[in-house]
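**Student:** need a structure here:
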Amino acid sequence: MPRPSNPFTPAGANNHRPDQDFSARSNSDFPPARTPRPYSSSRITETPQRSSTTVNNTSSATASRVMDGRAADKANRQIEWLNQRWEGRGWLPEDVRRAQRNRGADHPSAVVVSHMVKITKLAQLKNVPLPCLWDDTSPQNYLRKGVMGGLHAPRLTGETAGFLYDDMKFKLGSDVDDTGESESSSDDDDDDDDDGDIEDQTPRASNALKLASDSAVKNCIDVTEEPRTPSNTTIKSDARYSTARPSTPAPLAHTLLDAKESRTASAPPQPSVAGPSYLDQCHAAHDLKRKREGDDSAIEGPSATKHCGSASFNAKKLQEQLTHDVKFTDDVLSFLTNIFVACHSSGMDQGKVRVADPLWFNIHDENGLPSAIQRFDQFNIFCFPIHHKNPTEHWSLGVVHITPGRMAFDHHDSAPDPNRYQAVKSRFQEWARYRGFRHDLAFKRMTCPRQKDSINCGVHVLACLRRELKNEPCPPTFNATEEKQSIIRFLKTADEGKHSGYHLDILREFKKLFVEEEQEKFFNELRNATSASLDANCKAAEMRRDDARDELKVAEEVLKTLLVKESTLIEARDRTIQALGIGDIDSAADTFQLDHPKKSIGMSQQEVLDSTISDVGFLIRHLRCNAANAAKQALEQHRQDVMEQMEVARKDIMRKKSELMQAEALVGRITLKRQMKQDIEGFSLMGPEIFNGN
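**Tutor:** Presented below is the predicted three-dimensional model:
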């Protein structure tokens, strides 16, 4: 197909396109832009102005009402057709609906609807899974990329929809006729050809899995039944974006994001195949980013009205839940678990630790099992938060340690309940059996600190996950406030090089929030402080810093002493073994028994003497061997005790280094305040003279 030379300037159109930002591409990369066909409807505000000099006002009004009614009927039929093809409202995600101006989420532009019909038919004809069009992780995310490139993202206008349709045709190598639309279609289609606009001319899967178009398609669902296709159509299969459901009717294949009922009655949630992360798909529709039912932790105010793809919005939501006594929502928990895994799994084999979305396990779904996880048995650790609805809202944690032929499932629950544990165990067993795993399953209820309230179960989950990733036991005691502060410090100092994409955007926005907050706090303290109080605080901070240095030196000396002690024990063990000379002891000494005296009858005196000497020699060597083994075991046990003390000493050194860093930072902070305060007071004393120029 030849490339058009001037795609941005259709006849009579404005060159400025605020909804698109395609500056990165050259003009030759795009097909000719299309001017949206005029579309009259009582819900449409983009109807072109029609001029007439041959009819009177009454006739014009009557004709306009007739055309409005016909256009509205056509738009309604097209919307119904789109709802059928997409199996719901996913053809226009909720964040895009909310961005439409002057219409409302349920009344998209008729021009947008018309182009979405064409885009849908083109995608189905070219075997592009419909969810991929809105999936920001898919290489076929034509619609998502288009709406997010403009100044008013994610708004979709009729002009933008027309451009995206032409762009898809150009990239997919399709003529307009391929979709059942003629290039010469008149802008004033009448009702006679309305039905042709929504005629089914595309391949149809007999058991199509319902996919929410606004979810990220990252994993495949096993395909066991081929879709029926027209004889003249060849499907290019792609396992990553398979939409076929297993032929076995139940249990159904569900997804990592399939969980709760939507808060919008007219748009029930639809299962989707999703990846391991929830905030990684923040451009998805709001009904899949909903807050847990009964949770009062939603951020109120203007920021809550922003679309879910905003990194700043999610960073503020994260800050809100980490600094207030509220429950963690599933998207915040997903973000934090992914950040922890990315940071704490650096010492493990790359790609061997996987965390699933908090709604993947969906323990209360009675209609099916969690979706398949690609290469599940190739991971070392697979972890996932578990959302419980009954008897109260609650989070627990499942961690599966995978080895060849065996899976060890550790269940962490800060409010242990036998029924809850049994439900988790049964569901995972059923899932593993249904997915064909032959591993031996072992389940263990971990000993976790008890939850003291009904809110901080998510904080407990994160604390247990962090220790699982470090191969450490759960702490005997737990303070939710301190743990949240620890998470905040961790995020503020997190290595950005270990993260990418939307997680990195949220992490950066989160850091900005605390930088701004700390700056404001700093100047407030400076404004209220006096020079005398700053001097006193600075002296106290310097004393604390000096104490921290001394404590660190003591801890380092303790570690040095233990290292010397360990080296001495190793040397003593080796010398003991060498001195006792047990290297030539053979296996006969282990089973040696003295001969019975009667056996010496008939032997000569010399033979009896030689036999006795040999027996005594064996006994001596055997005793030496036992003594060496006993000494070796004692020294080794002592060495193990020293090694445990060394581990404690190393942790103590790390803690004291952290305390020293904090003390030094405090000294620097107060010193800066004192210097700034002195400068301000100096300027105040100088008064107007500073401006005299003398």
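**Student:** Where does F443 sit: helix, strand or coil?
**Tutor:** Classification of F443 by DSSP: H, G, I helix; E, B strand; the rest coil places it in strand.
**Student:** my guess is it meets F409, correct?
**Tutor:** Yes: because the distance of 4.8 Å satisfies CB atoms under 8 Å, F443 is recorded as touching F409. No exception for glycine: its C-beta is placed from N, CA and C like everyone else's.
**Student:** Give the residues shared as contacts by these two.
**Tutor:** Shared contacts of F443 and F409 (CB atoms under 8 Å, 6 or more residues apart in numbering): K425, F428.
**Student:** ok, the two, which is more surrounded?
**Tutor:** F409 (20 against 16; other CB atoms under 10 Å).
**Student:** The host helix or strand of that one pairs with which strands, parallel or anti?
**Tutor:** Secondary structure from DSSP states H and E places F409 in strand 406-412. Here strand 406-412 is paired, per DSSP bridges, with strand 394-403 (antiparallel), strand 440-445 (parallel).
**Student:** Adding distance to N141 and mean pLDDT, write these out as TSV.
**Tutor:** Shown next, in TSV, are these (distance: least, CB to CB, whole Å; pLDDT from 0 to 100):
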stretch	distance to N141	mean pLDDT
strand 394-403	31	94
strand 440-445	38	94
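**Student:** want to throw the ones you listed into JSON lines with distance to L491?
**Tutor:** Putting these into JSON lines (distance: least, CB to CB, whole Å) gives the following:
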{"stretch": "strand 394-403", "distance to L491": "19"}
{"stretch": "strand 440-445", "distance to L491": "30"}
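**Student:** Packed most tightly, which of these would that be?
**Tutor:** strand 394-403 (a mean of 21; mean count of other CB atoms under 10 Å).
**Student:** Contacts for it, please.
**Tutor:** By CB under 8 Å, 6+ apart, the residues outside strand 394-403 that reach it are 328, 333, 358, 361, 376-377, 379-388, 407-415, 420, 424, 428, 439, 457-458, 460-461, 464-465, 468.
**Student:** which SS state does P416 fall under?
**Tutor:** Criterion first, three-state DSSP; result for P416: coil.
**Student:** gap between it and Q451?
**Tutor:** To Q451, P416 is 9 Å away according to CB to CB, to the nearest Å.
**Student:** Check Q124 too.
**Tutor:** The value you get for Q124 to Q451, if CB to CB is used, is 50 Å.
**Student:** Same question for H324.
**Tutor:** H324 is 17 Å from Q451, by CB to CB.
**Student:** So for the two, which sits in the more crowded spot?
**Tutor:** Q451 (19 against 11).
**Student:** surely that one meets G458?
**Tutor:** No: using CB under 8 Å, Q451 makes no contact with G458, being 10.4 Å away.
**Student:** Was I right to think A463 contacts E472?
**Tutor:** No: between A463 and E472 there is no contact under CB under 8 Å: 10.6 Å.
**Student:** Need the residues that contact the strand holding F409.
**Tutor:** By CB under 8 Å, 6+ apart, strand 406-412 touches 396-401, 421, 424-425, 428, 432, 437, 439-446, 448, 460-461, 464-465, 468, 474.
**Student:** got the buried residues for that strand?
**Tutor:** Going by neighbour count (16 or more other CB atoms under 10 Å), the buried part of strand 406-412 is M407, F409, D410, H411, H412.
**Student:** What pLDDT is listed against the second one?
**Tutor:** pLDDT recorded at F409 is 96.
**Student:** ok, now how distant is it from R70?
**Tutor:** Here the criterion is CB to CB. By it, F409 lies 61 Å from R70.
**Student:** One more: the last one?
**Tutor:** Taking CB to CB as the measure, H412 and R70 are separated by 62 Å.
**Student:** Then the third one?
**Tutor:** To R70, D410 is 64 Å away according to CB to CB.
**Student:** Then the fourth one?
**Tutor:** Shown here: H411 relative to R70, a distance of 61 Å by CB to CB.
**Student:** next one: D167
**Tutor:** Distance from D167 to R70, by CB to CB: 30 Å.
**Student:** Neighbour count for these two, which is higher?
**Tutor:** Neighbour tally, D167 and R70, criterion other CB under 10 Å: the higher count belongs to D167, 22 against 16.
**Student:** For that one, identify the helix or strand it belongs to.
**Tutor:** helix 158-172.
**Student:** List the buried residues of the following helix or strand past the strand holding F409.
**Tutor:** Note on strand 406-412: by DSSP H and E, the next helix or strand toward the C-terminus is helix 418-434. In terms of neighbour count (16+ other CB under 10 Å), helix 418-434 has its buried residues at R420, Y421, A423, V424, K425, R427, F428, W431, A432, Y434.
**Student:** which ones are touching the first one?
**Tutor:** So that's R420. H388, H394, S396, D413 are the contacts of R420 under CB under 8 Å, 6+ apart.
**Student:** which one of A463 and E472 has more residues nearby?
**Tutor:** When A463 and E472 are compared for neighbours, A463 comes out ahead with 26 against 10, by other CB under 10 Å.
**Student:** how about the nearest residue to that one, chain neighbours excluded?
**Tutor:** Leaving aside its sequence neighbours, A463 sits nearest to E483 (CB to CB, 6 or more residues apart in numbering; 5.3 Å).
**Student:** Number of residues surrounding the one you found?
**Tutor:** Every residue meeting other CB under 10 Å relative to E483 is counted, giving 18.
**Student:** Appreciated, that's everything.
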